[in-house]
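Asker: pasting a predicted model and its sequence here:
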Amino acid sequence: MPNVLVPARFNGPPASGQGGYSAGFVAAFLAAAARFTSPAEGTFGHCFVCGRARHDDGIEGTLAYLARRQSELLRPIHAGVELIAVGRPLAREGRKGCAATAILDPDGAVSAHSEQLLIAPREGMSHK
């Protein structure tokens with residue numbers, strides 16, 4: 001596999017790329033599904049998804065850590081093409097939640113899909 005430079009905007013835990021973004025590169029290279037497992041539960045302040053120390057993209061939402069993601073790229077996704085992103089919760093038990101997401105082309109055909117396991121932080125845990 002060639003070296004891949006992950007743009008700083010898509011960083012994850014220190015010295016790594018965000019898991020879903022990085023898994024997408026691996027899946028595209030292997031032309032197969034790729035799975036990301038977080039190295040540990042914890043707060044990664046500048047992570048593209050779970051970081052709350054970032055102020056560069058205006059994204060706000062409920063904090064949850066990506067523990068696992070399995071994605072499959074079904075057909076190439078090209079820059080400049082309008083796409084549709086959809087998602088839905090699958091299950092919730094305690095601090096754990098499962099969700100499904102998909103990327104649809106303009107005709108509604110699924111180009112990629114993914115399932116995620118998300119973990120909410122423990123009560124009183126710092127989010128910074």
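Answerer: On my side now, so go ahead.
Asker: okay, now the unreliable bits of this protein?
Answerer: Along the chain, segments meeting pLDDT under 70 span 1-2, 13, 19-20, 23, 27, 31-62, 124-128.
Asker: quick one, helices of it?
Answerer: 19-30 (DSSP state H).
Asker: residues touching Ser114, list them.
Answerer: Counting by Cβ atoms under 8 Å, 6 or more residues apart in numbering, Ser114 makes contact with Gly20, Arg69, Gln70, Ser71, Glu72, Ala100, Thr101, Ala102. For every residue, glycine as well, the C-beta is placed using N, CA and C.
Asker: which among these count as buried?
Answerer: Gly20, Arg69, Gln70, Ser71, Thr101, Ala102 (16 or more other Cβ atoms under 10 Å).
Asker: quick check: bridge partners of the fourth one?
Answerer: According to DSSP bridges, Ala34, Ser114 are recorded as the beta-bridge partners of Ser71.
Asker: contacting residues for Val86?
Answerer: Val86 touches Thr101, Ala102, Leu104, counting by Cβ under 8 Å, 6+ apart.
Asker: for it, give its distance to Gly97.
Answerer: To Gly97, Val86 is 17 Å away according to Cβ to Cβ, to the nearest Å.
Asker: now do the strands for the protein: every range, in order, please.
Answerer: Using DSSP state E, the strands of the chain run over residues 34-37, 65-73, 84-93, 96-104, 110-119.
Asker: between the contacts of Val86, which is closest to Leu63?
Answerer: Leu63 lies nearest to Thr101 out of the contacts of Val86, by Cβ to Cβ, at 18.0 Å.
Asker: unless I'm mixing things up, that closest one is touching His113, no?
Answerer: Yes - counting by Cβ atoms under 8 Å, Thr101 does reach His113; the two are 6.9 Å apart.
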